[in-house]
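S.K.: My questions are about this predicted structure, shown below with the sequence.
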Amino acid sequence: RCPMRHSPLVVLALVLGSHFLHAETNNLTAFPNWIEAEFGKAGDKGVTPFFNYWGIFQGNPVGGQSQGVAYAHEMLFGATFDMDKLTGWKGASFKISGSANSGRNLSTTIGNVFDTAESYVTPTGMFYEMYYAQTLFDDFLEFRIGRMVAADQFCVLPAFGLQVNGGIDGNPTSIFLNSNFTSSPNATWGATVKINPTPITYVASGIYQATNRLGKVAYHGIDFSMRPNDGVLIFAETGWSPALGAKPAGTLHDKDGKKSVVPAQAGLPGTYKFGGYFSTYPYEGFLGGSQQNTYGFYLIGQQTVWQSAKNANHNLAVWGGITYSPQYQVAQMPVMGFGGTVWQGLIPTRDQDQFLCTWMTGAFSSAYADSQANQGLPRPTAETVFDVSYIINITPTIFIQPDIQYIIQPNGTGTTPNALVIGAQFGCNF
């Protein structure tokens, strides 16, 4: 399979880039700066195009069912239309997008559950999102309706999107295994509403089509039908984003009565979220039968714990969380725990680079383990991954991310040797 066959935008970018760089040689930032400028000009007129690319090359020299190498990429492209600028419709916008994806999944070679590459998604060209969004009452109320994914709004933290391993990049794998949760590039019909009662709190809810046609290559994302055997997936979430240690500006008086101004302190930013989901879609039980009205919960958070007084770009954040689904008959991974750190500015002269340390463990349900044993297969218990990577920002829009992963008990059985994965992610975001 040719990795570029679904990538006309890459060809266009290469042609434009060659033409532009011919006039400005020896300048690695000339082309990306030009793209940013042109996208910015379009945005000023009300149409903001975007292009995102993530590519990962990896190999497992040690462990797994066998050893191998793999490459996978995901590309998202589209535009957001600012209806205020275009038509005077205050607070309204419209987004439409597509994707072009290809490659192999190294986890197939290793035989583990937490995909080693977050960029391995439905490997074909896909029609992606198409939705209308509206904000009202000075951003107190927000809602969306159309073709969309749950992953953008529920069970997500800033640190998730930085990862290489797909077990946590974007959203926890357990949510996908236990429900019809949607993420790029597989959108369904949905509607969401979010209320912001204060600048640091919110409550949100969303309802999505739950269908077994998610990720089917043959549909290419253009099956817009709603069928009798489909269900609904409902999410609810509340969040709090405090700034720990924040202090307003004030004044001090010395012993002579002279005033001095004490500047405000921004504090250390954090975000904490609690949510749950409920699905009417019928799931087949691992030991027979089926079950509807499934549900689950999650608690996640991220907190900056240190920030340099001289340079706010030098900071350390910790994050973590847990997901839980109590219906062991249909939930393959009822419990998943995860956590890590993000250290920005580890190297003093590299303000935007980030050093990541990540851990995740997923426990398999007893019913799922019994179903495997009934087939003469080993009983799975839990799989664990440790992931360490370093994001090198070449320009504000282009990065490379060397990565090392160690997978303990691939597929949870203990019969497959622990695997070492070495690779790199590279990408651009315009």
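M.R.: Happy to help now that I have it.
S.K.: from here on, contacts and neighbour counts on C-alpha atoms
M.R.: Fine.
S.K.: Next, count neighbours for the residue nearest to Pro348 when sequence neighbours are not counted.
M.R.: Spatially, and ignoring its direct neighbours in sequence, Pro348 is nearest to His314 (7.8 Å; CA to CA, 6 or more residues apart in numbering). His314 sits with 21 neighbouring residues when counted by other CA atoms under 10 Å.
S.K.: OK, contacts around His314?
M.R.: Residues in contact with His314, defined by CA atoms under 8 Å, 6 or more residues apart in numbering, are 307-308, 343-346, 348, 351.
S.K.: roughly how far apart are it and Val388?
M.R.: 19 Å (CA to CA, to the nearest Å).
S.K.: Repeat that for Trp306.
M.R.: 20 Å.
S.K.: Mind listing the residues bridging to Ser102?
M.R.: His73 (DSSP bridges).
S.K.: May I have the predicted confidence score for it?
M.R.: Looking at Ser102, its pLDDT reads 95.
S.K.: Test my guess that it contacts Ala70.
M.R.: No: judged on CA atoms under 8 Å, Ser102 makes no contact with Ala70 at a distance of 10.9 Å.
S.K.: which residues of the stretch 101-250 of the chain fall in strands?
M.R.: 125-136, 141-148, 188-198, 201-210, 231-240, 243-244, 250-253 (DSSP state E, counting those that start in this stretch).
S.K.: check contacts around Asn313.
M.R.: 307, 344-345, 351-352 are the contacts of Asn313 under CA under 8 Å, 6+ apart.
S.K.: low-scoring stretches of the chain, by residue?
M.R.: 1-28, 249-257, 260-265 (pLDDT under 70).
S.K.: Find the centremost residue of it, please.
M.R.: Most central in the chain under CA atoms, centre = their mean is Gly170, positioned 1.8 Å from the mean C-alpha point.
S.K.: Helices of the stretch 301-430 of the chain, residue ranges please.
M.R.: With DSSP state H, counting those that start in this stretch, the ranges of helices along the stretch 301-430 of the chain come out as 366-374.
S.K.: ok, back up a step: the more surrounded of Trp306 and Val388?
M.R.: Taking neighbours as other CA under 10 Å, Trp306 and Val388 compare with Val388 leading, 19 against 16.
S.K.: surely that one meets Asp403?
M.R.: Yes: taking CA under 8 Å as the contact criterion, Val388 and Asp403 are neighbours in contact, 5.9 Å apart.
S.K.: if we can go back for a sec, got a list of what the residue nearest to the centre of the chain touches?
M.R.: Per CA under 8 Å, 6+ apart, neighbours of Gly170: 151, 156-157, 160-161.
S.K.: Among those, name the buried ones.
M.R.: Buried members of the contacts of Gly170, counted by 16 or more other CA atoms under 10 Å: 151, 156-157, 160.
S.K.: Could you report the neighbour count for Ser290?
M.R.: 12.
S.K.: Same question for Thr349.
M.R.: Neighbours around Thr349, by other CA under 10 Å: 8.
S.K.: For His314, see how far away it is.
M.R.: Thr349 sits at a distance of 10 Å from His314 (criterion: CA to CA).
S.K.: Strands along the stretch 251-400 of the chain, start to end?
M.R.: According to DSSP E, counting those that start in this stretch, the strands that the stretch 251-400 of the chain contains are 259-262, 268-279, 283-284, 290-291, 294-307, 315-324, 335-344, 354-363, 382-395, 398-408.
S.K.: max-length strand in the protein?
M.R.: strand 47-62 (DSSP state E).
S.K.: For Phe51, state which of the contacts of Asn313 is nearest.
M.R.: Gln352 (20.7 Å; CA to CA).
S.K.: Hmm, Ile394 and the closest one touching each other?
M.R.: No: here Gln352 lies out of contact with Ile394, judged by CA under 8 Å, at a distance of 9.5 Å.
S.K.: Export the contacts of Gly170 as TSV, with columns for distance to Gly111.
M.R.: Output for the contacts of Gly170, formatted as TSV (distance: CA to CA, whole Å):
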residue	distance to Gly111
Ala151	25
Val156	26
Leu157	28
Phe160	23
Gly161	24
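S.K.: which of those lies closest to Phe181?
M.R.: Distances from Phe181 to the contacts of Gly170, taken by CA to CA, are shortest for Ala151, at 7.4 Å.
S.K.: burial count for the residue nearest to that closest one when sequence neighbours are not counted?
M.R.: Using CA to CA, 6+ apart and skipping residues adjacent in sequence, the residue nearest Ala151 is Ser183, 5.0 Å away. By other CA under 10 Å, the residues close to Ser183 number 20.
S.K.: Repeat that for Gln344.
M.R.: 23.
S.K.: List the contacts of the residue nearest to it when sequence neighbours are not counted.
M.R.: In this structure, Gln344 finds its nearest non-sequential neighbour in Gln354, 4.3 Å apart by CA to CA, 6+ apart. Gln354 is in contact with 342-346, 390-392, counting by CA under 8 Å, 6+ apart.
S.K.: For the residues you listed, work out which two are farthest apart.
M.R.: Val342 and Ile392 (13.3 Å).
S.K.: returning to what we had before: phi, psi for the residue nearest to Pro348 please.
M.R.: phi -100, psi 110 (degrees, to the nearest 10).
S.K.: Any figure for the gap between the closest residue to Ile347 other than its chain neighbours and Val156?
M.R.: Of all residues beyond its chain neighbours, the one nearest Ile347 is Asp353 (7.9 Å), with distances taken as CA to CA, 6+ apart. When CA to CA is applied, the distance between Asp353 and Val156 equals 21 Å.
S.K.: And for Val342?
M.R.: To Val156, Val342 is 15 Å away according to CA to CA.
S.K.: list the buried ones in stretch 130-148?
M.R.: Buried positions in stretch 130-148, judged by neighbour count with 16+ other CA under 10 Å: 130-135, 141-148.
S.K.: Name the surrounding residues that touch it.
M.R.: Contact with stretch 130-148 is made by 91-97, 128-129, 187-197, as judged by CA under 8 Å, 6+ apart.
S.K.: List buried members of the residues you listed by neighbour count.
M.R.: Counted by 16+ other CA under 10 Å, the contacts of stretch 130-148 give 91-97, 128-129, 187-196 as buried.
S.K.: does Gly43 count as helix, strand or coil?
M.R.: Secondary structure, DSSP: H, G, I helix; E, B strand; the rest coil: Gly43 is helix.
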